[in-house]
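Colleague: 3D model of this:
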Amino acid sequence: MQTLPNQVNATPKSETITGVVERLTFYSEESGYTVARLQRPGARDLTTIVGNFANIQPGQTLQLTGFWKDHPQYGAQFNVASYKETKPATLTGIEKYLGSGLIKGVGPVTARRIVAHFGLETLDIIENQIGRLSEVSGIAKKRIAMIQKTWETQKAIKEVMVFLQSHGVSTTYAVKIFKQYGASSIGTVTNNPYQLATDIYGIGFITADKIARNIGVPSNSEYRYKAGIIHVLSEGAEDGHCYLPQQELVQKLVQLLKTEDHNSKEESAELIIRNMGLEDELIRESGADNSLLCYKPTYFHTEQNLSKSQTFQKSQKL
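Modeller: Residues are numbered from 1 along each chain as shown. Sure, this is the predicted structure:
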């Protein structure tokens, strides 16, 4: 039975391990939550790894960073905080990787033939000279095209995960981002990371703002101001307010966007609020005291429809 490092009962200490995925015990298509068994070099027993993964399959060689935890029912587990895939270094590893089902069009038999023909250069051949697979008996152009498409998909997954994790995005959020945007994840996050708060459940303004800062989005970005405005109005709605007076919205926004290297200005906030109103990204209405009231469009239309419904119901009673 596998024994845990001494630190398991103390404060979790980060550690990096490597190994080959032997099998998946559990995988959630929706969240990416995975329980898998890992064969570590020199270890007699398999290691249980737990975490969120974009897509892993038996045969993949992984470098994992995380901490050990003693599960009361299942024993020692390695909780994964981040990971990256590395190339198999042995013929057996390459054959197992290709024949795992990860690459569509390549089963165990075909994998054995490919590796027998190209040896340790197999993965480089697929990456850079995939047409040479026609040298292997039984692999026609149609199958090569299928292999190439799947290979490019797996490559995109690796590139996205490496990019996001290198910019401080947790594996959990990285998986959600990839499942939402696929191969366009890097472009979306680079162009406007605040879009994540709109599109992905569980990623709010605060998380999107951290990601934005990590990839170098300036503190005075218009995207940041707009996302902050929507966030403040959403928080108001949670407190039961379908709108906020513009003055209150500006004050809360300035406080929200304040950082060590940036003091938001009310003038900038007011300008962006006005522009959002002109672009119908925000509804501004005059209040009873001539103050401006700011609504998210969805809240405004909901209130209007509710008011019409109540008026109609009253008219029916007359």
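Colleague: Just give me the neighbour total for Asn17.
Modeller: Residue 17: Ile, not Asn. 19 (other CB atoms under 10 Å). (Each C-beta comes from the backbone N, C-alpha and C, glycine too.)
Colleague: Now the helix or strand hosting it - C-alpha only, PDB.
Modeller: For Ile17, the host element (DSSP states H and E) is strand 15-27. Taking Å, rounded to 0.1, in the frame of the first residue of the first chain, the C-alpha atoms of strand 15-27 are listed here in PDB:
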ATOM      1  CA  GLU A  15       5.100  19.000  -5.000                       C
ATOM      2  CA  THR A  16       5.700  18.000  -8.600                       C
ATOM      3  CA  ILE A  17       5.400  14.500  -9.800                       C
ATOM      4  CA  THR A  18       5.500  12.800 -13.300                       C
ATOM      5  CA  GLY A  19       4.100   9.600 -14.600                       C
ATOM      6  CA  VAL A  20       2.100   7.800 -17.300                       C
ATOM      7  CA  VAL A  21      -1.800   7.700 -17.100                       C
ATOM      8  CA  GLU A  22      -2.700   4.100 -16.700                       C
ATOM      9  CA  ARG A  23      -6.500   4.400 -16.600                       C
ATOM     10  CA  LEU A  24      -9.300   6.800 -15.800                       C
ATOM     11  CA  THR A  25     -11.500   5.900 -12.900                       C
ATOM     12  CA  PHE A  26     -13.900   8.800 -13.300                       C
ATOM     13  CA  TYR A  27     -14.300  11.700 -15.700                       C
END
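Colleague: Show me what the helix or strand that it is followed by is packed up against.
Modeller: For strand 15-27, the following helix or strand on the C-terminal side (DSSP H and E) is strand 33-39. Applying 3 or more CB pairs under 8 Å, 6 or more residues apart in numbering; DSSP states H and E, we find strand 33-39 packed against strand 15-27, strand 47-52.
Colleague: Buried residues of the lengthiest helix in the chain, list them for me.
Modeller: For the chain, the helix with the greatest residue count under DSSP state H is helix 141-166. Judged by neighbour count (16 or more other CB atoms under 10 Å), helix 141-166 contains these buried residues: 143-144, 147-148, 151, 153-154, 156-157, 160-165.
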